[in-house]
Structures are given as C-alpha cells and as structure tokens.
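1. Using only what follows, build the 3D model:
(one chain, ligands or ions: 1)
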Amino acid sequence: MIEFSHVSKEYSNGVKGLDDVTLHIGQGEFVAIIGLSGAGKSTLLRSINRMHEITAGTLQVNGTDVASLNGKKLRSFRRGIGMIFQSFHLVGRTTVIKNVLMSKVPAMPFWRVVPGIFTKEEKIDALEALDKVGILEKAYMRADQLSGGQQQRVALARTLAQHPEIILADEPVAALDPVTARQVMGDFAKINKELNITILLNIHHVELALAYAERIIGIRSGKIVFDGKASSVDKAVLAGIYGEEMPEGVEELYEAV
Ligand SMILES: Nc1ncnc2c1ncn2[C@@H]1O[C@H](COP(=O)(O)OP(=O)(O)OP(=O)(O)O)[C@@H](O)[C@H]1O
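-> Numbers count the residues shown, from 1 in each chain. Next comes the predicted model:
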C-alpha cells in the first residue's frame with residue numbers, strides 16, 4: 001500500500017514538483033499517471049522509492065515512513081520496488097540473462113559478486129522471469145542485439161527477478177514504436193494481473209493509459225486534478241488535466257462518443 005498524505009516537494013530552485021498530494025494506492029493496482037511535461041509525474045513516481053526527497057507531508061509504503069529510511073534499510077526497501085526507465089538501462093555488451101542476473105547483485109555476498117558467481121536457483125529464477133515476458137529464447141543473446149521492445153522486456157524481466165511488490169515505470173514506452181508500445185503495456189497488464197504487483201507508470205500516450213491501466217491519476221502543476229477509473233475519463237477530464245495543450249490523438253479518441 002502506498003500512502004501520500006499532504007506531500008509536497010519543493011526543489012532547491014523553489015519549483016514545486018508536488019503540491020499537497022494525498023493519495024492511497026492499494027496492493028495490485030495498475031495506475032497510469034498522466035499530465036503535461038513538467039506537471040510532476042516523475043517527481044511523484046520517484047518520491048516513492050526516495051530517488052527524490054519530499055519536503056513536506058508523509059509518504060508511507062506498506063506502513064514504512066519512506067523518509068525515515070537510511071543506509072541498509074533504505075537499500076533493502078528499494079529492493080522491494082522495481083524501477084523501469086524509458087532508456088532500458090541495460091548493459092548492451094553482455095548477455096540478456098546476465099542483465100537479468102544483475103538484479104541479484106545487491107543481495108549477494110561480495111565474494112560472489114566479483115567473479116560473478118550465480119547459483120543454479122538464481123539462474124532458473126532469471127530464466128523464469130524472461131519466460132514471463134516471452135523472451136526466454138533470447139537469454140544467451142547480447143542485449144544490444146535486441147529490438148527496443150525486447151530490451152524493455154529484458155528490463156522488465158530484470159525487475160521481476162527482484163521479486164518486487166511494486167514496479168515504478170517512468171515513461172516505459174516513450175522510446176518505442178506504437179505496436180511495440182502496446183505489447184509492452186500488455187506485458188505490464190499481464191504481470192499486474194498474474195503476480196498482483198502494484199504498477200505505477202508515467203505515460204504521455206493517453207490512449208495507452210486508458211486502454212491498459214485501471215486507474216488514472218491526472219497531475220497538473222504538482223497537484224492531483226483527477227483520480228479515478230480509466231473508464232470514467234472523458235474529454236472534460238482530459239481538458240482539466242491538459243488545459244489548452246491536449247495531446248495528439250485525443251480528438252480521435254472521443255470522436256465516436
Ligand atoms: N532536479 C530538479 N531541480 C529543479 N527543478 C526540477 C528538478 N526536477 C524537476 N524539476 C521541476 O519540477 C517540475 C516537475 O518535473 P517532473 O520531471 O516531475 O515533471 P514530469 O511531469 O515528469 O515531466 P516530463 O513529462 O517532461 O518528464 C518541473 O517544473 C521541473 O522543471
């Protein structure tokens with residue numbers, strides 16, 4: 001469970017990334033965060049695993065006050081939260097399975113990290129994660145020989161091998177073509193359903209957010225301006241989130257209504 005209570009984040013230059021945000025996200029929800037560029041989507045997402053420090057209010061994850069964590073406790077807390085980025089963050093020159101096995105490193109003793117000794121169980125776990133995202137047959141290929149969509153799936157498998165309760169994804173499909181973007185969104189939906197992992201993702205493509213996420217959070221100038229079911233998002237809601245700068249494709253989306 002993720003609980004924001006009157007959370008604000010003011011950057012050192014005085015910009016308010018978040019402004020009095022109160023939110024409750026239950027285990028197993030699939031939430032898309034939408035809003036204009038600069039609205040505060042990344043700040044919201046990254047405050048959950050403390051990549052950004054909040055400056056007011058309280059933020060709790062499964063009852064733990066995120067701001068109170070330090071050192072070892074913070075590292076172990078972060079291991080329970082997967083993070084997916086737009087640019088995949090893979091090591092291109094090494095194999096897919098080694099990339100997935102990297103998720104095991106933070107919990108490994110030093111003597112195994114240096115020579116890269118992984119146990120049979122860890123390898124099986126990594127292969128199972130690749131299987132869950134449908135790219136098991138790519139396990140021994142070099143990561144940089146894969147397409148963008150496949151690379152994002154490797155990143156997703158690496159996160160799954162961490163066995164997280166929550167996955168945060170910051171613009172995970174922004175670098176992908178429309179067909180591949182749909183496939184990757186489908187992977188998130190499948191993982192969410194099958195493994196009951198909470199998924200929060202930032203996304204610029206409104207139509208993908210509405211098609212795959214169950215809940216939409218609209219953010220504008222650091223404030224939550226909409227929070228509800230994807231099925232209840234209409235043109236008026238989007239106007240409230242985006243104002244004059246409605247994203248491309250929104251007109252077509254609601255043409256039939
Ligand atoms: N490190 C920083 N220092 C100062 N201001 C920042 C910093 N990071 C973000 N901001 C500002 O905080 C506000 C929210 O930024 P944020 O990156 O959360 O928006 P976003 O909705 O994710 O945007 P985008 O869709 O372009 O990624 C913006 O005005 C941004 O300029």
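
2. next SSE after the longest helix along the chain?
-> The single longest helix within the chain, with elements called by DSSP state H, is helix 178-195. On the C-terminal side of helix 178-195, the nearest following helix or strand under DSSP states H and E is strand 198-202.

3. Now do the helix or strand just after that next one: which elements does it pack against?
-> Elements were assigned by DSSP H and E; along the chain past strand 198-202, the next helix or strand is helix 206-212. Contact here means 3 or more C-beta pairs under 8 Å, 6 or more residues apart in numbering; DSSP states H and E; on that basis helix 206-212 packs against strand 30-34, helix 178-195, helix 250-255. The C-beta positions use only the backbone N, C-alpha and C, and glycine is treated the same way.

4. which other residues reach helix 206-212?
-> Contact partners of helix 206-212, identified using C-beta atoms under 8 Å, 6 or more residues apart in numbering, comprise 30, 32, 34, 173, 181-182, 185-186, 188-189, 203, 216, 230, 233, 238, 247, 249-250, 253.

5. Try it again at 6 Å.
-> With C-beta atoms under 6 Å, 6 or more residues apart in numbering as the contact definition, helix 206-212 has outside contacts at Ala32, Ile34, Met185, Ala189, Ile203, Ala230, Val233, Pro247, Gly249, Val250, Leu253.

6. Show me how far the longest helix of the chain is from its chain's centre.
-> Averaging C-alpha positions (C-alpha atoms, centre = their mean, to the nearest Å) puts helix 178-195 12 Å from its chain's average.

7. again, but for stretch 142-162
-> Using C-alpha atoms, centre = their mean, the distance from the centre of stretch 142-162 to the centre of the chain it belongs to is 14 Å.

8. For it, buried residues please.
-> Buried residues in stretch 142-162, counted by 16 or more other C-beta atoms under 10 Å: 142-143, 146, 148-162.

9. Could you do stretch 9-20 as well?
-> Across stretch 9-20, burial judged by 16+ other C-beta under 10 Å covers Lys9, Lys16, Gly17, Leu18, Asp19.

10. Tell me how far the first one lies from the ligand.
-> In this structure, Lys9 lies at 8 Å from the ligand, with C-beta to the nearest ligand atom, to the nearest Å as the measure.

11. Verify the contact between that residue and Ser42 for me.
-> No: with contact defined as C-beta atoms under 6 Å, Lys9 does not reach Ser42; the gap is 10.6 Å.

12. buried stuff in stretch 66-83?
-> Going by neighbour count (16+ other C-beta under 10 Å), the buried part of stretch 66-83 is Val66, Ala67, Leu69, Phe77, Arg78, Ile81, Gly82, Met83.

13. Now it: average pLDDT?
-> Along stretch 66-83, the predicted confidence averages to a pLDDT of 92.

14. which residues touch it?
-> Asn49, Arg50, Leu59, Pro106, Thr159, Gln162, Pro164, Glu165, Ile166, Ile167, Leu168.

15. name the helices or strands packed onto the helix or strand encompassing the fifth one?
-> Here Thr159 is covered by helix 148-160, with elements defined by DSSP H and E. Using 3 or more C-beta pairs under 6 Å, 6 or more residues apart in numbering; DSSP states H and E as the contact definition, the elements that helix 148-160 packs against are helix 96-101, helix 120-132, helix 178-195.

16. residues in contact with that helix?
-> 82, 84, 88, 90, 96, 99-100, 103, 129-130, 132-133, 135, 167, 175-176, 180, 183-184, 187.

17. Just the angle for it relative to helix 120-132, thanks.
-> Between helix 148-160 and helix 120-132, the angle comes out at 140 degrees (axes from the mean of the first three to the mean of the last three C-alpha atoms, to 10 degrees).

18. Quick check: what element follows helix 148-160 along the chain?
-> Towards the C-terminus, the helix or strand next in line after helix 148-160, according to DSSP H and E, is strand 166-170.

19. Since that was my last question, I'll sign off now.
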